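1. Here is my input, please return the structure:
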Amino acid sequence: MGFYLTGYKYTLPSLFSLEQVSDIHETSYTYGQIEPNRNSPFFPLRSDEKIMRSDVKEAIVLVNELIEELGGNIEQNTPLFIANGAFIEDPNKYLKRVTSVYETFTPDMSNEDKIRKIYRSCPPLIALETLTNSTMSYVAQYSGLKFHNATFGNTSQSFYMAINEAVMMLNKKNINRAIVGATNCSGIYSFLMNSGVIGYSQGWKESVGVGMIEVTQSDDAPKSSFCEFDILKHGAKIPKLNETGIHRSWSQILTDKSEFIICSGAFNSDENKKDIEYCEQYSKKTISLFEEYGNMGSANLMIGLAKGVELMNDSIQQVDLLDRDIYGRESLIRLKKC
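-> Residues are numbered from 1 along each chain as shown. Modelled structure (predicted):
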């Protein structure tokens, strides 16, 4: 019994800006953002929108557009799995309110009064916006997908984990389909989180990315299927917190020739070039989406999947999606044309 891609929707970053992190150390990065589709009939309510990141808003729109394209009806026992990246989009939005309070302190003010002022300045909704499972929660609420669900995060390997979980559930349960999504939040918090692990490098570029797919289990390829999930493979590496640097090879998962490769995981052009050169040992048809969009974290494999499907034709029957996260963990998703 095979597993097939029977629907997909995605949104790519379209707004890019160079952000200065530190004038002293001349630290900067390029940040790619999306523009949520506010004209969509599925755009969240204004009362909810104020506590949603941009990737969450777009995920709600995409999952409902996907369900509509699939006929508008979804079984009650359809599970939902979400790959999540960083969960704070703009910490300055909140920090400025808190830090501005310090300017109001006077020498004769007691510690109790200072603490009280700081406490009152904390935005009450910050906890709701920064919940690690906020994407999954709101997607479920707005789509009606209220069966089994789980959130996977927060590196680029989370989409592999989410789709692998979907396949395992489809294998074991009396369930025919699952919805799997990936939302990556980018910005200063994501930059500090990732660069804190692998170190800062010039030319750093990362972006927001959002996508939703339907995975279906069937004895035969459904007429509506775009491709089959042929191989799901994950490296055996276990991260070590005291480890510095990443061994840039794909030896954990690349063992034979490939027809077409889309690789991801780099945060700058030099790393990206090395990845492509290594992968070209296995396929001369190797590309990366980094130069155009940057590292899209938990959405890397999701966006790669969409691009892989669009590349398939009579001459390309198989596409390998490769990704490496900040801890050096690698995964492969092989797509096969139906």
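2. Show me what whatever helix or strand residue 138 lives in packs onto, helices and strands only.
-> According to DSSP states H and E, residue 138 maps onto helix 134-143. Judged by 3 or more C-beta pairs under 8 Å, 6 or more residues apart in numbering; DSSP states H and E, helix 134-143 is in contact with helix 54-69, strand 80-84, strand 149-153, strand 177-184. From N, CA and C alone the C-beta is placed, and that goes for glycine too.
3. and if we set it to 7 Å?
-> If you count contacts as 3 or more C-beta pairs under 7 Å, 6 or more residues apart in numbering; DSSP states H and E, helix 134-143 packs onto helix 54-69, strand 80-84, strand 149-153.
4. Check which helix or strand residue 146 maps to.
-> With DSSP H and E as criterion, residue 146 is part of no helix or strand.
5. mind giving me the domain ranges of the chain?
-> 2-90+126-218, 92-121, 227-336 (automatic domain parsing).
6. any idea which of these scores lowest on pLDDT?
-> Least confident of the domains of the chain, judged by mean pLDDT, is domain 92-121 with a mean of 81.
7. Could you measure from the closest residue to residue 57 other than its chain neighbours over to residue 97?
-> Excluding its sequence neighbours, the residue lying closest to residue 57 (C-beta to C-beta, 6 or more residues apart in numbering) is residue 36, at 4.1 Å. Between residue 36 and residue 97 the computed distance is 24 Å (C-beta to C-beta, to the nearest Å).
8. all helices for the stretch 151-300 of the chain, in order.
-> 158-172, 188-198, 269-279, 290-293, 300-311 (DSSP state H, counting those that start in this stretch).
9. Is it possible to get TSV of the domains of the chain that adds mean neighbour count?
-> Listed next are the domains of the chain as TSV, based on neighbours: other C-beta atoms under 10 Å:
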stretch	mean neighbour count
domain 2-90+126-218	20
domain 92-121	11
domain 227-336	19
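10. where does residue 115 land in three-state SS?
-> helix (DSSP: H, G, I helix; E, B strand; the rest coil).
11. Show the end-to-end separation of stretch 291-300, please.
-> End-to-end distance for stretch 291-300: 13 Å, by C-alpha to C-alpha, to the nearest Å.
12. again, but for stretch 315-331
-> 25 Å.
13. for stretch 79-90, same thing?
-> End-to-end distance (C-alpha to C-alpha), stretch 79-90: 30 Å.
14. now it, how far from the chain's geometric center?
-> How far stretch 79-90 lies from its chain's middle: 7 Å, per C-alpha atoms, centre = their mean, to the nearest Å.
15. begin at 256 from here
-> In the new count, where the first residue is 256, that last one comes out as stretch 334-345.
16. contacting residues around it?
-> Applying C-beta atoms under 7 Å, 6 or more residues apart in numbering, the contact partners of stretch 334-345 are 308-309, 385-387, 389-391, 394-395, 400, 402-409, 413-414, 417, 420-421, 424, 430, 433-440, 442, 444-445, 448, 552-553.
17. same question, stretch 527-542
-> So stretch 527-542 is in contact with 503-505, 509, 512-518, 520-521, 543, 545-546, 577, going by C-beta under 7 Å, 6+ apart.
18. Next: stretch 292-302.
-> 307, 312, 313, 315, 316, 319, 320, 397.
19. Endpoints of that stretch, how far apart?
-> Stretch 292-302: ends 17 Å apart by C-alpha to C-alpha.
20. where does the residue nearest to residue 312 fall, helix, sheet strand or coil?
-> coil.
21. separation between residue 293 and residue 392?
-> Residue 293 is 21 Å from residue 392, by C-beta to C-beta.
22. Repeat that for residue 414.
-> Counting by C-beta to C-beta, the gap from residue 414 to residue 392 is 18 Å.
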